[in-house]
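Asker: any chance you could fold what I've pasted below:
(2 chains)
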Amino acid sequence: MADIAIPESTDLIPLDDAVTPAAADAHGHGDHADTGHGDSGHADSGAHATSTGLSNNKLAMWMFLGSECLLFGGLISTYMLYRGRHAGSPSPSQLYNLPLTSVSSFVLLMSSLTMVLAVSAAQRGDDRNTSTWLTVTALLGATFVGAQVFEFTEFYHEGLGFTTNLFGSSFYTLTGFHGVHVTVGIIMLMALVGIINRSKVPGNKAEVVEMIGLYWHFVDIVWIVIFTLVYLIPS
Amino acid sequence: MSTEHVVVTETGGSHDAVARDADHAEHEHGMTDKGYVVIAAILAAFTAAEVSLTYMHLPGWIFMTTLLTIMAIKFAMVVSYFMHLKFDNKIFTALFYSGLFLAIFVYSAALTTFHFFSPG
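Answerer: Numbers count the residues shown, from 1 in each chain, chains lettered A, B, ... in the order given. Okay, here's the model as predicted:
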């Protein structure tokens, strides 16, 4: 139960600007329970009153992303170990289409920009721009997945199937897992656009947009690593 | 407008600082939209540099070191600026990087057991 007090050593805020957690939730700014931004001292997005003063949702998302590092670390390590085992199929350097992958990497990188612009718009309570940037992000993500499907098809026609050799298995597993993550991200983005457009309370989705943004950026940083280690460094 | 001031205190003792407006929201992570565009442009330039390197015939160790350095810089830039870790609470940084460094340590050890780093 919250109690109201006037401690001696705290910053005072005008009553007109003060919002109780319940009232804050009602208009989507329920995230100011405490300092989520250690350096800036600003409130954190989406936090209710918690023992840590941080948003539990955000804490869980960062924990999830930390654990995802282990998942992709395992997949990348397995690929690194088996990339030379390509008997019965062309070698990685013969298969890879670097110009295509470079363009799709650039597309995914730019989707991170549009995603962060969506988060910025959501934090301003600007639903129209939030929906627009989220849609652009989803389209860029779909372009990336389309390029990956094209690449997989090309590789298959050149003789690299999933079970052809260890290189094929580890390559398809690694890049396929990443592609599935991007696809899940696209589904979440489009669902969020639908939710925002149907929302009766404008400007109250900042935390949700930020959470999905974190996921999307993570998918991007994983690709930064995959692009360098898999495509740019020859076996 | 009332001149009365109030601080809402939660049971745990933390204080609610709850005032925010549109301007505040734009700058709450220390970055403007223009700043994000600049970061994206730098990332694009790094990507172009990475691809260009593959067409140059550099000695192996220079090529590898440069590529891995650029990769690490790009990674850090996205995490710091786009994911706001640079401006966010350090607990989030600790959570994410502990997972990342655990992964690097565990899989480096695993690769070492398979003699991945052994020459030849």
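Asker: state which one residue of chain B is found closest to chain A.
Answerer: Nearest to chain A, among the residues of chain B, is residue B:99, at 2.5 Å (Cβ to the nearest Cβ). Glycine gets a C-beta too; all of them are placed from N, C-alpha and C.
Asker: for that residue, give its distance to residue A:65.
Answerer: Residue B:99 sits 7 Å away from residue A:65 when distances are taken as Cβ to Cβ, to the nearest Å.
Asker: spit out the residues that contact those two alike.
Answerer: Common neighbours of residue B:99 and residue A:65 are not found (criterion: Cβ atoms under 8 Å, 6 or more residues apart in numbering or on different chains).
Asker: the strands in chain B, which residues?
Answerer: For chain B, the strands defined by DSSP state E occupy B:5-9, B:15-16.
Asker: any low-confidence regions in chain A?
Answerer: Low-confidence segments of chain A (pLDDT under 70): A:1-48, A:235.
Asker: can we see that at 80?
Answerer: A:1-49, A:52, A:200-204, A:234-235 (pLDDT under 80).
Asker: which secondary structure elements does the longest helix anywhere in it contact?
Answerer: What stands out as the longest helix in chain A, according to DSSP state H, is helix A:166-198. Contact analysis of helix A:166-198 by 3 or more Cβ pairs under 8 Å, 6 or more residues apart in numbering or on different chains; DSSP states H and E lists helix A:56-82, helix A:127-157, helix A:206-226 as its packing neighbours.
Asker: what comes up buried for the first one?
Answerer: Taking 16 or more other Cβ atoms under 10 Å in any protein chain shown as the basis for neighbour counts, the residues of helix A:56-82 that come out buried are A:57-59, A:61-62, A:64-66, A:68-70, A:72-73, A:75-82.
Asker: let me have the helices and strands packed on helix A:166-198 in CSV, extended by distance to residue B:111.
Answerer: Below are the helices and strands packed on helix A:166-198 laid out as CSV (distance: least, Cβ to Cβ, whole Å):
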stretch, distance to residue B:111
helix A:56-82, 6
helix A:127-157, 25
helix A:206-226, 15
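Asker: so which of those gets nearest residue B:105?
Answerer: Each of the helices and strands packed on helix A:166-198 has some distance to residue B:105 by Cβ to Cβ; the shortest is helix A:56-82, at 9.5 Å.
Asker: list the buried residues of whatever helix or strand comes next after that closest one.
Answerer: The element immediately downstream of helix A:56-82 (helix or strand, assigned by DSSP states H and E) is helix A:92-95. Neighbour counts over helix A:92-95 (16+ other Cβ under 10 Å) mark A:92, A:95 as buried.
Asker: just the C-alphas of stretch A:225-235, formatted as PDB.
Answerer: Extracted in PDB, the C-alpha atoms of stretch A:225-235 (Å, rounded to 0.1, in the frame of the first residue of the first chain):
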ATOM      1  CA  VAL A 225      28.000 -11.500 -35.600                       C
ATOM      2  CA  ILE A 226      26.700 -14.100 -38.100                       C
ATOM      3  CA  PHE A 227      27.400 -11.900 -41.100                       C
ATOM      4  CA  THR A 228      31.000 -11.400 -40.000                       C
ATOM      5  CA  LEU A 229      31.800 -14.900 -38.800                       C
ATOM      6  CA  VAL A 230      29.900 -16.900 -41.300                       C
ATOM      7  CA  TYR A 231      29.900 -14.900 -44.500                       C
ATOM      8  CA  LEU A 232      32.900 -12.600 -44.400                       C
ATOM      9  CA  ILE A 233      35.500 -14.800 -42.800                       C
ATOM     10  CA  PRO A 234      36.300 -17.600 -45.300                       C
ATOM     11  CA  SER A 235      36.700 -21.200 -44.000                       C
END
